[in-house]
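J.: got a predicted structure plus its sequence, pasted below:
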Amino acid sequence: MSVGLIVLSFVAAGAGTLALGFVLRGVDRKVTARVQYRVGPPLIQPAIDVLKLMAKETLMPATARGTMFLMAPVVGLAATAVAAAILWRALLWPGETAFVGDLVVVIYLLVVPALMTIVGASASGNPHASVGAARELKLLMSYELPMLLAVLVPVAQAGWSFELGAIQQATPALYGVSGVIAFVIAIICMQAKLGQVPFDLAEAECEIMSGVYVEYSGPSLATFLMTRAMLTAVMPLLLVMVFWGGVTQSVGGWAAFAGKYLLLVVLVTLIRNTNPRLRIDQVVRFFWFRLAPAGVVAMILALVGITKGLSWL
């Protein structure tokens, strides 16, 4: 494949994922409004918001460190787009390995948006943004450990392969007890990675005035919103591929994939609308002292199942 075709495929995957993310964010807002007995905005409202921000001016505070303040949202969006392209390639052509260890690269790239949020907020020089950055950092350090432990379960069951194609072609992790435990952990960690209630501490409009985004405006804020929209589309895709067998290349297979994908999106919306925001100390204790031990248990069960030939584990 030529370099131009590779670049074109990455751009197409990023644009398609962004469009899907806008639709999912619109559905989330519409469902949330209905739960609260409101009509809610139209489904295309997230895209409209971004277009309006693109037409406005970016205002940078005098206390900001200009380079990092402006580059942070761009780097976060680029990392998310590359992760989306890798995932879609592995989903559409599971028999063709893009490169060895593509799952490791995807996990790394999906950490970058949170890191860039921290960098951008810290570079703004605003005290509210600094509080938000500190919360985002603690949140990142809290959920990454149980997330990695959860992902290691299907990796182990696929013969310790870190290739997305090999993991999809193996028996889905959800067919065993360890896989179910790991899947539940991954769903909760996905909620935290998306910055959704009850883990929206870094933004918290009623406490720290949008926190990490308080000084952002215009195209820079729009870039952050596009990143969050893409993550909304990417995270359920990653979980379906790693835990639920990806997709079978047939009409029935794609219908089943769509059902699995939509189920995860619905779960994100339900969790958001049925839980209050947690304090940062509660979040750290929850991830480190509940989900992380649960991840260790899932990993032990998976290893026992592999060693003893017990597929139900």
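T.: Now that the structure is in, tell me what you want to look at. Residues are numbered from 1 along each chain as shown.

J.: name the element S142 belongs to?
T.: Element membership for S142, per DSSP states H and E: helix 127-157.

J.: buried residues, that helix. List them.
T.: For helix 127-157, the neighbour count (16 or more other Cβ atoms under 10 Å) marks 128-140, 142-147, 149-157 as buried. Where C-beta positions appear, they are placed from N, C-alpha and C, glycine not excepted.

J.: cool, and stretch 271-285?
T.: Buried residues in stretch 271-285, counting neighbours by 16+ other Cβ under 10 Å, are found at 271-272, 278, 280, 283-284.

J.: my guess is A84 contacts A13. True?
T.: Yes. With contact defined as Cβ atoms under 8 Å, A84 reaches A13; the gap is 5.4 Å.

J.: neighbour-wise, which of the two wins?
T.: Relative neighbour count places A84 above the other of A84 and A13, with 28 against 20, counting by other Cβ atoms under 10 Å.

J.: show the average pLDDT along the helix or strand encompassing the more buried one.
T.: Assigning secondary structure by DSSP H and E places A84 in helix 66-92. Looking at helix 66-92 alone, the average pLDDT works out to 91.

J.: about what we covered before: kindly calculate the angle that the helix holding S142 makes with helix 66-92.
T.: 30 degrees (axes from the mean of the first three to the mean of the last three Cα atoms, to 10 degrees).

J.: G195: what secondary structure?
T.: coil (DSSP: H, G, I helix; E, B strand; the rest coil).

J.: actually Q282, not the one I wrote
T.: Here Q282 is recorded as helix under three-state DSSP.

J.: any idea how far L313 is from it?
T.: Q282 is 32 Å from L313, where distance means Cβ to Cβ, to the nearest Å.

J.: same thing with T67?
T.: Counting by Cβ to Cβ, the gap from T67 to L313 is 51 Å.

J.: ok, those two, which is more surrounded?
T.: The neighbour comparison of T67 against L313 (other Cβ under 10 Å) goes to L313, with 19 against 9.

J.: the more buried one - nearest residue in space that isn't next to it in sequence?
T.: Counting by Cβ to Cβ, 6 or more residues apart in numbering, L313 lies nearest to G305, which is 2.9 Å off, once chain neighbours are set aside.

J.: can you check V283 too?
T.: S142 (5.7 Å).

J.: what comes up buried for the helix or strand hosting V268?
T.: Using DSSP H and E, V268 maps to helix 251-273. Neighbour counts using 16+ other Cβ under 10 Å place 256-257, 260-261, 264-265, 268-269, 271-272 of helix 251-273 among the buried residues.

J.: which helices and strands does that helix pack with?
T.: Under the contact definition 3 or more Cβ pairs under 8 Å, 6 or more residues apart in numbering; DSSP states H and E, helix 251-273 sits against helix 3-35, helix 177-193, helix 218-243.

J.: so which of these is nearest A294?
T.: With respect to A294, and counting by Cβ to Cβ, the nearest of the helices and strands packed on helix 251-273 is helix 177-193 at 5.9 Å.
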